[in-house]
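Colleague: kindly return the folded structure for what I paste below:
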Amino acid sequence: MSNFRERLAEFESGGDYSARNDEGFVGKYQFGADRLTDFMSSTGKKFSMSQFQNSPALQEEVQGWHEDDILSYVADQGLDEYIGQQVGGVIISPEAMLAMAHLGGKSGMKKFIETDGEYNPSDSNGTRLSDYASKIPSKQLPAEQQDLQRMARDSMQLTPQVAEKDGGLMAAARKLLSRPSAPRPKGLTPPGTFQRGGQMSPLSGGISTALPNADMIQKYSTPGGIGSLSK
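Modeller: Below is the predicted model of the structure:
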């Protein structure tokens, strides 16, 4: 799998739009009620869990909003300055941050980075933030052996079909690759690279600065692994 969404979907559901696991997470990317409520609050759209489960187009729309929301948070919090660095054994890339936030929430991803990987909880399947950050992004060489633009292209590469549905992510990638900037240490990208997307909708109950407690990863995560799906 060469692009982020395909790899994420394979880990979450085996690519099955109709999937539902024992914990109530639904669809190809395994969203729960809390995150879907975030989407509806942000966009004004209304739908039931059953409607969401039966609509591939809606699932892709929500995933696109979800990615844009995470990247907006990355820019707002200045986390893009970590791109290219190794944190807790993970090479930080846009894909790695998307993967961690998908599993453990935006604030969980931030805390992992800012604690140098010491905060690294697991979901109900035993999958840690670092596991998702390492397994889902494209394979990468150590950051010091890569040119920044090549790393960004690899980590943001999407198929034309996905790109059409995901303007926010592609806009961020284009901005990352095209923005002129003063020389920086190799392996780092200038702060503020990503463009702010839509309305922020933090997973921390509307408090963007809140850090997750021990229970939040179970409440807000989208547990990965085909083994968790209902048969």
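Colleague: just to check, Arg7 is in contact with Ile136?
Modeller: Yes. Contact criterion Cβ atoms under 8 Å: Arg7 and Ile136 qualify, at 4.8 Å. Quick note: C-beta positions are derived from backbone N, CA and C, even for glycine.
Colleague: more neighbours, the two?
Modeller: Per other Cβ atoms under 10 Å, whichever of Arg7 and Ile136 has more neighbours is Ile136, with 25 against 17.
Colleague: could you find the closest non-adjacent residue to that one?
Modeller: Nearest non-adjacent residue to Ile136, counting by Cβ to Cβ, 6 or more residues apart in numbering: Ala99, 4.2 Å away.
Colleague: report the longest helix in this protein, please.
Modeller: helix 56-76 (DSSP state H).
Colleague: on contacts alone, who are the packing partners of the very next helix or strand once past it?
Modeller: The helix or strand immediately downstream of helix 56-76 is strand 86-87, counting by DSSP states H and E. Contact partners of strand 86-87 among helices and strands, from 3 or more Cβ pairs under 8 Å, 6 or more residues apart in numbering; DSSP states H and E: none.
Colleague: mean confidence score for strand 86-87?
Modeller: For strand 86-87, mean pLDDT is 96.
Colleague: gap between Gly24 and Lys111?
Modeller: As defined by Cβ to Cβ, to the nearest Å, Gly24 lies at a distance of 25 Å from Lys111.
Colleague: more neighbours: the two, which one.
Modeller: Each of Gly24 and Lys111 has its neighbours counted (other Cβ under 10 Å); Lys111 has more, 20 against 12.
Colleague: mind checking how far that one is from Leu129?
Modeller: Distance of Lys111 to Leu129, given as Cβ to Cβ: 9 Å.
Colleague: and Asn3, how many neighbours?
Modeller: When neighbours are counted by other Cβ under 10 Å, Asn3 registers 18.
Colleague: just the strands in this protein please.
Modeller: Using DSSP state E, the strands found in the chain span residues 86-87, 90-91.
Colleague: between those strands, which gets nearest to Arg20?
Modeller: With Cβ to Cβ, the closest approach to Arg20 among the strands of the chain belongs to strand 90-91: 29.8 Å.
Colleague: give me the mean pLDDT for that closest one.
Modeller: Mean predicted confidence for strand 90-91 is 95.
Colleague: neighbouring strands - and their directions - for that strand?
Modeller: In the sheet, strand 90-91 lines up against strand 86-87 (antiparallel) (DSSP bridges).
Colleague: quick one: mean pLDDT for stretch 103-115?
Modeller: Per-residue scores along stretch 103-115 average to 96.
Colleague: in that stretch, which residues are buried?
Modeller: Buried residues in stretch 103-115, counting neighbours by 16 or more other Cβ atoms under 10 Å, are found at 103-113.
Colleague: Gln53: which of those is nearest?
Modeller: Nearest member of those to Gln53, counting by Cβ to Cβ, is Leu103, at 20.4 Å.
Colleague: quick one: contacts for the closest residue in space to that closest one that isn't next to it in sequence?
Modeller: Using Cβ to Cβ, 6+ apart and skipping residues adjacent in sequence, the residue nearest Leu103 is Tyr132, 4.7 Å away. With contacts defined as Cβ atoms under 8 Å, 6 or more residues apart in numbering, Tyr132 is in contact with 11, 99-100, 102-103, 224.
Colleague: of the residues you listed, which belong to helices?
Modeller: Using DSSP H, the contacts of Tyr132 in helices are 11, 99-100, 102-103.
Colleague: having no further points to raise, I will conclude here.
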